[in-house]
Structure formats: structure tokens, C-alpha cells
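1. Got a predicted structure here, sequence first:
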Amino acid sequence: MNKLRKKINDTPVVRWLVLVIVATAMMMGYFLNDIMSPLETLLEMPIEEGGLGWTSTDYGFFSGSGGFINVFLLMLFFSGLILDKMGVRFAGVLSCSLMLIGVGIKYYAVTAPLAGETFNFNVLFWDVHLPLSAAIASLGFAIFGVGYEMCGITVSKAMVRWFTGHELALAMGIQLAMARLGTAAALSVSAPLARYFTLSTPLLVGLICLLIGLVSFFVFCILDIRLDKDEQCLQSSITNHQSEDDDQFHLRDIGLILKSPGFWLITLFVVLFYSAVSPFLKFATRLMIDKYAVAPDIAGFFTSIVPFGTILMTPLFGSVYDKYGRGVTLIIIGTGLLTLVHFGFSLPIHASAFAISMMVLLSIGFSLTPAALWPIVPKIMPMKCLGTAYSLIFFIQNFGRAIIPMFVGKANETDPTYTTGMQIFACTGLAGVLVAVVMLYLDKKMGYGLEKPNIVNEG
């Protein structure tokens, strides 16, 4: 009987190999997503000096284009449907292929002789005038963005599929750490590569990285097919009357998601939490310079404490959740630290040492909360519609991340002490704490098991 129950993902070496494979594909995607971020000044240089002659407006349009298809054409939502309907193997290969195509188009835009050519079009009442290179690069980034977001939810579902009953939170923590390592690598190596070689060199390196990611996903497909066979054998050895169709995703299953109070609480929390973190990091460097008199050359280091800290601490906190449980409690503690940090930044304290201590606390909170947050979603949503649930959460999250920076930017303009802006972030975090407390109450009422460990004792 024990042999019948043995599946390939019950073997630690194999499931950790799967983690490395799929997280590598995701890391390559994160690397490519930010590969052109440090190149703004080079892109805006005159063509005769090796740049592309873009303006700040051109670069801003390009930077925002990564989300155009996902948000305005609802592709982020449809990506979840594709994942749940076609499975992780199809979605993974498709997402890596789309990213590869998108980067290929961007590489063409940077290397092709398009000097002096322009592209003009109208969106509603907005007349857009771009250099042809910027327009083509934006098209590539928009296509890349579809694959990038699809890859994120695909890898998350793959982790749930392979690590449920095992070290799920630790696996997701390592996955997040590797993704952020990809971002850190892009920000570190892109500009030096472009300066020492050519403007297109970082994209060429990225193309090679994505090829590695695509090949790695093909290896994952082989192992995942084996897991399918093991699960089919297990099902055939157990007598039950459950229809196989019950495990298949149907469009009507979207109703299961939308009717779930747990789903809406998690979604609201994600909107509040990430609206208090991601937009803050965009203002943080300027905050360090203006309020804490940090030199511009090292202000970025202060901000980088947060992502580099999460690389180390997210897997650690994920392991704690796996072994000891208390998922919502960890979320409350992490979000409470986040709120405390923003209130701290609103105080009339101007010491740089204080700023460093606040960034360290923020790094802890930003590691603690996601380490427990994403592994609780599968405890509320059934596996068959997990991809759609993740995609809906990310889709709704984008609106919060777009709105909050507008309020903070306006507040910083009218209050250059940053007090009002930081209080907006703090209130957003505090609202997240309150939502998490309600989540704890709902867990006790509905019996989701959010406070229970992820590792199932087989003995």
C-alpha cells in the first residue's frame, strides 16, 4: 500500500530539482523585465553618440508598455484561464516563448537602423509620437509582459502542485528570492555591459538567459508528465465515486472564486500591502536624499537593503510557516512592521542611522508577509482554479499600485517634508493589518487551516 501511495514529488531530491528548474525560468524573466531600467540615460543619448535619441517621455511610454496588453486587453486574467484549462506545462512553455519573442523584438528595435523614423498614433484623445525604435521596443515589451505575468502564476501553481504536503512556503520563499535575485542582477550588470560593449549587449545576454529558461521548462515538463502518471495510478488504486470531471477547470468555476469570502479578503490585503511597499520603493531614494541628507551616490544602497534582505529572509520565514504554521499571524506581524516603518519615516527625525534601521525593519516585514501570504491561497482555492485566482489577485492589485503613487506624489508636492506621503503609506499598511485580523477570524469560522503547518506528518 505504501508503494501505491508513493509519487515522484514525495522524493525530496526530485521536487527540489523541480523548484530549481521552474524558479530558474522565473528568475530569467525577472532579469529581463528590468534589464533596460538602468539604460535610460544611454537610450536618451544622441544617435551619433551611441544612443537612440529617445526623450524621457519616450522612455516613460516604453516602461509602462509592459502592462498594456495585460491590463487594457485583460490578458492577465485570461492567462489564469489558460493556465487552469491547459495546465502548467502548456502555460509554462507558452509564457517562456512569449517572453523570448518579446525580447527578440526589443533587441531588433535597439539594433536595427531606424534613426530618424517616427511612429504616430492616437489612443482615445491621446496623440502619441514616438521614434520607431521606441514604438517597436514598446511592442516587444508588451508581448514580453504577457509572458512575464503568465510565468509568475504558472510557477506559483507548479510549486503548489509539487510541494503541497511538503515544504510549500519554503519553496515559494526560495522562488521569490530567486526572482528578486534576477531583478538585482539586472540592475547591477545591465549598465556596465552596455558601456563596455554595446547598448544591445544586455538584451543579447537576456535572450540567452531566456533560452536557458525555456529549455529548463522542457525538462520540467518531462518530470511533470511522470507526476501525472503517478497521480493517475494513485487514483485508480483508491475506490471512490468522484468524477474525474470534478478535477477539471470549467468557466463556471470562476463563480467558486468570486463567491469565496477568503479570496476577496486575500485580494484586498494584497492590494493594500503591495500598495504600501512597491510604490514606496520608487520614492525611497529621493526620500533618503531630501530628508536624511544621504549622498546621491549611496542613496540607492539604502533602498537596496529591502530587496537584498528579502533574498535571504523570505525562504527562512517560509520554513518557519511550513514547520510551525501561524500563517495569518506571521502576516499580521510583517504588515505591522511595515506600518511602523512608514509611521517612523513620517516623524521629524533626520538621522541617516534612523533611516537605515527603518529600511532593515521594512526588509523584515517585506520578507515575513509574502513568505506566509502566497502559500495560504491554495488553502482557500481548489487546485483546478488556482491559476485564475492568482491572476485575478494580480490583476486587481495593479489598480492599487497605480492609484496610491498618484496620491503620494501629489502629497509630496504639497508637503516636501514627506510627512503626509509617509502617513498615506502608513494608513494603507494599517488597513492591511485590520484586513489580516478579519482573515484570522474568517479562518477560525471557515476552517481553512491557514494557521496550520504546511508539512504533513506522514507517520
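-> Here it is on my side, so go on. Being a predicted model, the structure only gives us computed values, none of them experimental.
2. wait, what's in contact with Glu167?
-> Each residue near Glu167 by CB atoms under 8 Å, 6 or more residues apart in numbering is listed here: Gly318, Ser319, Asp322, Asn454, Ile455. C-beta coordinates here come from the backbone N, C-alpha and C atoms, glycine included.
3. now the longest helix along the chain, how far from the centre of its chain.
-> When the chain is scanned for its longest helix (criterion: DSSP state H), the result is helix 201-237. Mean-position distance between helix 201-237 and its chain equals 20 Å (CA atoms, centre = their mean, to the nearest Å).
4. Show me where the stretch 251-400 of the chain has its helices.
-> Taking DSSP state H, counting those that start in this stretch as the test, the helices found in the stretch 251-400 of the chain are 254-258, 261-275, 278-292, 296-324, 327-345, 352-380, 386-414.
5. For the first one, list every residue counted as buried.
-> If I follow you right, that is helix 254-258. For helix 254-258, the buried set under the neighbour-count rule, 16 or more other CB atoms under 10 Å, comprises Ile254, Leu256, Ile257.
6. The second one too?
-> Neighbour counts using 16+ other CB under 10 Å place 262-275 of helix 261-275 among the buried residues.
7. Also the last one?
-> Of the residues in helix 386-414, those buried by neighbour count under the rule 16+ other CB under 10 Å are 386-398, 400-401, 404-405, 407-408, 411-412.
8. Please name every helix or strand in contact with the helix or strand just after that helix.
-> As assigned by DSSP states H and E, the chain's next helix or strand after helix 386-414 is helix 419-446. Judged by 3 or more CB pairs under 8 Å, 6 or more residues apart in numbering; DSSP states H and E, the packing partners of helix 419-446 are helix 261-275, helix 278-292, helix 327-345, helix 386-414.
9. can you give me how far the second one is from the chain middle?
-> Right, helix 278-292. 21 Å.
10. which strands and helices sit next to it?
-> Judged by 3+ CB pairs under 8 Å, 6+ apart, helix 278-292 is in contact with helix 296-324, helix 327-345, helix 352-380, helix 386-414, helix 419-446.
11. With distance to Asn33 added, can I get the ones you listed in TSV?
-> Output for the helices and strands packed on helix 278-292, formatted as TSV (distance: least, CB to CB, whole Å):
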stretch	distance to Asn33
helix 296-324	13
helix 327-345	24
helix 352-380	18
helix 386-414	14
helix 419-446	24
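12. Relative to Asp84, which of those is closest?
-> Counting by CB to CB, Asp84 lies closest to helix 386-414 out of those; the figure is 4.3 Å.
13. for the closest one, packing partners?
-> helix 68-72, helix 75-86, helix 132-163, helix 254-258, helix 261-275, helix 278-292, helix 352-380, helix 419-446.
14. hmm, try it at 7 Å
-> Where contact means 3 or more CB pairs under 7 Å, 6 or more residues apart in numbering; DSSP states H and E, helix 386-414 is packed against helix 75-86, helix 132-163, helix 254-258, helix 261-275, helix 278-292, helix 352-380, helix 419-446.
15. Okay, angle between it and helix 75-86 too, please.
-> 160 degrees (axes from the mean of the first three to the mean of the last three CA atoms, to 10 degrees).
16. by how many degrees do helix 386-414 and helix 132-163 diverge?
-> Using the same axes, to 10 degrees, helix 386-414 lies at 130 degrees relative to helix 132-163.
17. Least confident secondary structure element in the chain?
-> Using mean pLDDT, DSSP states H and E, helix 2-5 stands out as the lowest-scoring helix or strand of the chain, at a mean of 48.
18. and the helix or strand following that one, what does it pack onto?
-> Later in the chain than helix 2-5, the nearest helix or strand by DSSP H and E is helix 12-33. Here helix 12-33 touches helix 88-111, helix 132-163, helix 168-196, helix 201-237, going by 3+ CB pairs under 7 Å, 6+ apart.
19. highest average neighbour count across the ones you listed?
-> Greatest average neighbour count among the helices and strands packed on helix 12-33 goes to helix 132-163 (a mean of 25), per mean count of other CB atoms under 10 Å.
20. That one relative to helix 12-33, how many degrees between them?
-> With the same axes, to 10 degrees as the basis, helix 132-163 and helix 12-33 are set at 160 degrees to each other.
21. Which neighbouring elements make contact with helix 132-163?
-> Against helix 132-163 (3+ CB pairs under 7 Å, 6+ apart) you get helix 12-33, helix 56-64, helix 68-72, helix 75-86, helix 88-111, strand 118-123, helix 168-196, helix 386-414.
22. since we're on Gly327, how many residues are nearby?
-> Gly327 has 28 neighbours, counted by other CB atoms under 10 Å.
23. got a list of what it touches?
-> Counting by CB atoms under 7 Å, 6 or more residues apart in numbering, Gly327 makes contact with Tyr321, Ala372, Pro375, Ile376, Leu450, Glu451.
24. wait, which of the buried residues of helix 254-258 is closest to Gly336?
-> Ile257 (28.4 Å).
25. show me the contacts for that closest one.
-> Counting by CB under 7 Å, 6+ apart, Ile257 has contacts Phe263, Met381, Cys385, Thr388, Ala389, Leu392.
26. again, but for Gly262
-> Gly262 makes contact with Ile380, Leu442, Met446, Tyr448, according to CB under 7 Å, 6+ apart.
27. That one and Leu338: what is the separation?
-> 22 Å (CB to CB, to the nearest Å).
28. Give me the phi and psi angles of Tyr448.
-> Note on Tyr448: backbone dihedrals following degrees, to the nearest 10 are phi -70, psi -30.
29. Spatially, which residue comes closest to the most centrally placed residue in the chain, not counting chain neighbours?
-> Relative to the mean C-alpha position of the chain, the nearest C-alpha, by CA atoms, centre = their mean, is the one of Gly152, at 6.4 Å. If the residues on either side of it in the chain are set aside, Gly152 comes closest to Met26, at 6.6 Å by CB to CB, 6 or more residues apart in numbering.
30. Which stretch among the helices and strands packed on helix 386-414 approaches Glu48 most closely?
-> When those are compared for distance to Glu48 using CB to CB, the nearest one is helix 132-163, at 14.6 Å.
31. The closest one versus helix 56-64: what angle between them?
-> 20 degrees.
32. next one: helix 132-163 to chain centre, how far?
-> The chain centroid and the centroid of helix 132-163 are separated by 10 Å under CA atoms, centre = their mean.
33. rewinding a little: for the contacts of Gly327, name the two members farthest from one another.
-> Pro375 and Glu451 (12.2 Å).
34. Comparing those two, which residue is more hemmed in?
-> Neighbour tally, Pro375 and Glu451, criterion other CB under 10 Å: the higher count belongs to Pro375, 27 against 18.
35. okay, that one: pLDDT?
-> The score at Pro375 is 92. That number is its pLDDT.
36. and the nearest residue to it once chain neighbours are set aside, how far is that from Phe31?
-> Spatial nearest neighbour of Pro375, excluding adjacent residues (CB to CB, 6+ apart): Ala169 at 4.3 Å. Distance of Ala169 to Phe31, given as CB to CB: 24 Å.
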